[in-house]
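> Structure for the following, please:
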Amino acid sequence: MLMRRFTKREKIVMLVLAIALVVGFYFLAIHYPVKTRLEEIALEKQDIEDQTVIAEAMLANYRKMKNELDEIFALPEDEITVMPEYDNKQTLIYYFNTVFAETAPDLRFDNAKIDGRIASRSISFNFTADSYSSAEEILTLLTDTGFRCSMQNLTVSPTEGDLANNELRVSGNIVFYELVK
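Below is the predicted model:
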């Protein structure tokens, strides 16, 4: 039946076909899967490197914030301030009534300016103090509310004569910061 001998030409064709099958099998079973897996590994490696860079940036930001908090908590208890929730206007009005109990101040509350999650409320004040020490005491009470604030544009001038022996006109602007939820 198939006992005949193959010719030289048939042997060469069969050898070429066998080589083609082996090469095709190698590419399909070994080369392409390995190449695909290496590309997947390279993408995973890049993704992990990106995540590492992001994690390092977050760690640096965390350390910076932690150092800032450590500096804040290292302050004496009376110097630590808080940022109250927006709208803190009524609390400030009540506090100013106690600070300015003995004077007749001119207070002007500006509308709060909201920038992201921070609201800033500017309050202009103008009052007359009996002496420099009473003016200093009132200004200290204004800035020691326990709320985050910043004094701006402070002007102290005598009503007449010099600063040491006369009534003083004190005017300025103080900005209080509030947290918008």
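
> where in this structure is pLDDT low?
By pLDDT under 70, the weakly predicted segments of the chain are 1-2, 78-80, 84, 162-164.

> rerun at 90
1-6, 68-123, 125-171, 176-181 (pLDDT under 90).

> Going by residue numbers, what spans are strands in it?
Assigned by DSSP state E, the chain shows strands spanning 106-109, 113-115, 118-129, 149-158, 168-179.

> would you list the ones you listed in CSV and tack on mean neighbour count?
Heads up, the C-betas are built off the backbone N, CA and C, glycines and all. Shown next, in CSV, are those (neighbours: other Cβ atoms under 10 Å):
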stretch, mean neighbour count
strand 106-109, 13
strand 113-115, 11
strand 118-129, 18
strand 149-158, 13
strand 168-179, 18
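
> I'd like those written out as JSON lines, with distance to residue 61 added.
Putting the strands of the chain into JSON lines (distance: least, Cβ to Cβ, whole Å) gives the following:
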{"stretch": "strand 106-109", "distance to residue 61": "35"}
{"stretch": "strand 113-115", "distance to residue 61": "20"}
{"stretch": "strand 118-129", "distance to residue 61": "18"}
{"stretch": "strand 149-158", "distance to residue 61": "24"}
{"stretch": "strand 168-179", "distance to residue 61": "19"}
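
> closest to residue 19 out of those strands?
Among those, the nearest to residue 19 by Cβ to Cβ is strand 113-115 (73.8 Å).

> Can you name every helix or strand that the closest one contacts?
Counting by 3 or more Cβ pairs under 8 Å, 6 or more residues apart in numbering; DSSP states H and E, the packing neighbours recorded for strand 113-115 are strand 118-129.

> rerun that using 6 Å as the cut-off
Packing partners of strand 113-115 (3 or more Cβ pairs under 6 Å, 6 or more residues apart in numbering; DSSP states H and E): none among the helices and strands.

> Just checking the distance from it to the centre of its chain.
Strand 113-115 has its C-alpha centroid displaced from the chain centroid by 16 Å (Cα atoms, centre = their mean, to the nearest Å).

> Between the strands of the chain, which one is closest to residue 23.
Ranking those by proximity to residue 23 (Cβ to Cβ) places strand 113-115 first, at 67.7 Å.

> Walk me through which strands the closest one pairs with, and which way each runs.
Note on strand 113-115: by DSSP bridges, its sheet partners are strand 118-129 (antiparallel).

> quick check: angle from the partner strand to strand 149-158?
20 degrees (axes from the mean of the first three to the mean of the last three Cα atoms, to 10 degrees).

> How many residues are close by residue 3?
Using other Cβ atoms under 10 Å as the criterion, residue 3 is surrounded by 4 other residues.

> on that earlier part again, what's the closest of the strands of the chain to residue 100?
Short answer: strand 118-129, nearest of those by Cβ to Cβ, at 6.3 Å.
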